[in-house]
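Participant: Sequence below, structure please.
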Amino acid sequence: MYNSKITGLGHYVPDNVVTNDDLSKIMDTSDEWIQERTGVKERRWAKPNTGNTTSEMGVKAAKIAIEDANIKQDDIDFLIFATLSPDYYFPGPGVLVQELLGLDTIGALDVRAQCSGFVYALSIADQYIKTGMYKNILVIGSEYQSYGIDKSTRGRAISVIFGDGAGAAIVSREKDLKKGILSSHLHSEGKHAKELSCLAPGFGTRWVSDIINDNDPNDETFLPYMNGQFVFKNAVVRFTEVINECLEKNNLTKDDIDLLIPHQANLRISQFVQKRFGLDDSQVYNNVMRYGNTTAASIPIALTEARNSGKIKNGDTIVLAAFGSGFTWGSVIINWA
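Facilitator: Numbers count the residues shown, from 1 in each chain. Next up, the predicted model:
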């Protein structure tokens, strides 16, 4: 029996910075309006045909993580890719990364848990490592969301929040069972699936041919939808529950948290959770102000930045927590090693 630990991290964001003032020129919004509701000041939107598809950004982050882990690409024996914005309807981006990196014919698993995607993927990697099935697993969260959002006033509730980017981690064996990932906790509640969703195209519901045949200029079924207030109310409750769950599982309290890295959905959600746990600013890492909500990429990007900036040291108790479409939510608690 092994524990698993993160041995390498990497992230990539496109060069193209889109500020709130930039958005105010193409839709009815303002810097004040966006910051007041979301805390976002700017985000990265990849320009089309610049080598920044979801899988390509994932590869860029992965190469950094592999080098950071000081392993060879051939040492990777499994791949898990989390995203809601795949290059193709199918196959998923996992196999595309396997090809782009030139990996052996290893397994490639795609995870569709949206904003909780990286936490779900990390939990799966942890179980594979603990059972001894694999030694080094590449976990990627990557999103190219700007390509599929409505950048008009009609879509501003979504478009002002979301950004593009990728993060990656190498998860490897750890013989000391008190180090590395201590536990992970995953949940879902499908009755609220439509509150944060993109319903089309879908097999058996509304396919591309239906959209074309209807030819309805007001059709929004193929655009992301979010019931913002409802999502916020559920997020703060589930964040609190799942953070407490991982602490209680390991006989820890909120006072043991050295750093909380929440999914970067909205700065107001992070601040609400921070206040509920009585954490100071040095105990919570946020970068949503600079990148917006990068969905499955948000936690690995933030984790990489936090580690690189010296906010994480060996022996620290790190909590990763996420909530997103589905609804799905989860947490991972780590004794950093």
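Participant: The protein: helices as residue ranges?
Facilitator: 20-24, 31-38, 54-69, 93-101, 117-130, 156-159, 208-214, 228-249, 267-277, 288-291, 298-308 (DSSP state H).
Participant: Give me the contacts around the second one.
Facilitator: Surrounding helix 31-38, the residues in contact under the criterion CB atoms under 8 Å, 6 or more residues apart in numbering are 19-21, 23-24, 40-41, 160-161, 266-268, 288, 292. For every residue, glycine as well, the C-beta is placed using N, CA and C.
Participant: switch the cut-off to 10 Å
Facilitator: Helix 31-38 is contacted from outside by 19-24, 29-30, 40-43, 156-157, 160-161, 228, 232, 265-269, 288-289, 292-293, using CB atoms under 10 Å, 6 or more residues apart in numbering.
Participant: List the buried residues for that helix?
Facilitator: Burial within helix 31-38, assessed by neighbour count using 16 or more other CB atoms under 10 Å, is assigned to 31, 34, 37-38.
Participant: just the third one next, same as before
Facilitator: Neighbour counts using 16+ other CB under 10 Å place 54-66, 68-69 of helix 54-69 among the buried residues.
Participant: quick one: which of these is nearest to Gly165?
Facilitator: Nearest to Gly165 among the buried residues of helix 54-69, counting by CB to CB, is Met57 at 6.6 Å.
Participant: The closest one is in contact with Phe81, isn't it?
Facilitator: No - with contact defined as CB atoms under 10 Å, Met57 does not count as touching Phe81 (11.3 Å).
Participant: Which residues are in contact with each of these two?
Facilitator: Common neighbours of Met57 and Phe81, counting by CB under 10 Å, 6+ apart, are 93, 140, 142, 166, 168.
Participant: close enough to count as contact, the third one and Gly92?
Facilitator: In this case it means Ser142. No - applying CB under 10 Å as the test, Ser142 and Gly92 come out as separate, 11.4 Å apart.
Participant: What pLDDT is listed against Gly204?
Facilitator: In this model, Gly204 is scored at 88, pLDDT.
Participant: what sits against it?
Facilitator: By CB under 10 Å, 6+ apart, the contact list for Gly204 is empty.
Participant: Does Lys135 touch Glu174 like I think?
Facilitator: No - the pair Lys135 / Glu174 is not scored as a contact, 11.0 Å apart, by CB under 10 Å.
Participant: In space, what's closest to Gly165 - neighbours in sequence excluded?
Facilitator: Counting by CB to CB, 6 or more residues apart in numbering, Gly165 lies nearest to Val13, which is 4.0 Å off, once chain neighbours are set aside.
Participant: Quickly list the domain ranges of the protein.
Facilitator: Domains of the chain are assigned by automatic domain parsing as 3-174, 180-196+223-335.
Participant: ok, the residue located most distally from the centre of the chain to Leu223 distance?
Facilitator: What lies farthest from the middle of the chain is Asn213; by CA atoms, centre = their mean that is 35.0 Å. Per CB to CB, to the nearest Å, Asn213 is found 18 Å from Leu223.
Participant: picking up where we left off before, have a look at Ser142 and Gly92 and say which one is more surrounded.
Facilitator: Taking other CB atoms under 10 Å, Ser142 and Gly92 do not tie; Ser142 has more neighbours (38 against 20).
Participant: ok, now which ones touch that one?
Facilitator: Contacts for Ser142 (CB under 10 Å, 6+ apart) come out as 11-12, 52-62, 81-83, 85-87, 93, 97, 117-118, 164-168, 294-297, 300-301.
Participant: How about Asp110?
Facilitator: 79-83, 86, 90-95, 117, 121.
Participant: thinking again about what came up before, looking at the shared contacts of Met57 and Phe81, which has the most residues close by?
Facilitator: The most crowded member of those is Ser142, carrying 38 neighbours; neighbours defined as other CB under 10 Å.
Participant: now that residue, which residues is it bridged with?
Facilitator: Assessed by DSSP bridges, Ser142 has beta-bridge partners Ala166.
Participant: and the gap between it and Phe232?
Facilitator: Distance of Ser142 to Phe232, computed by CB to CB: 25 Å.
Participant: coming back round to it: closest to Val208 out of the domains of the chain?
Facilitator: Taking these one by one with CB to CB, domain 3-174 is closest: 9.4 Å.
Participant: Which neighbours do Lys135 and Glu174 have in common?
Facilitator: In contact with both Lys135 and Glu174: 2, 4, 129, using CB under 10 Å, 6+ apart.
Participant: and Lys175, how many residues sit next to it?
Facilitator: By the measure other CB under 10 Å, the count of residues near Lys175 is 9.
Participant: show me what contacts His263?
Facilitator: When contacts are counted by CB under 10 Å, 6+ apart, His263 touches 114-119, 235, 239, 269-270, 288, 293-296, 298-299, 302, 320-324, 329-330.
Participant: Fine by me, we can end here.
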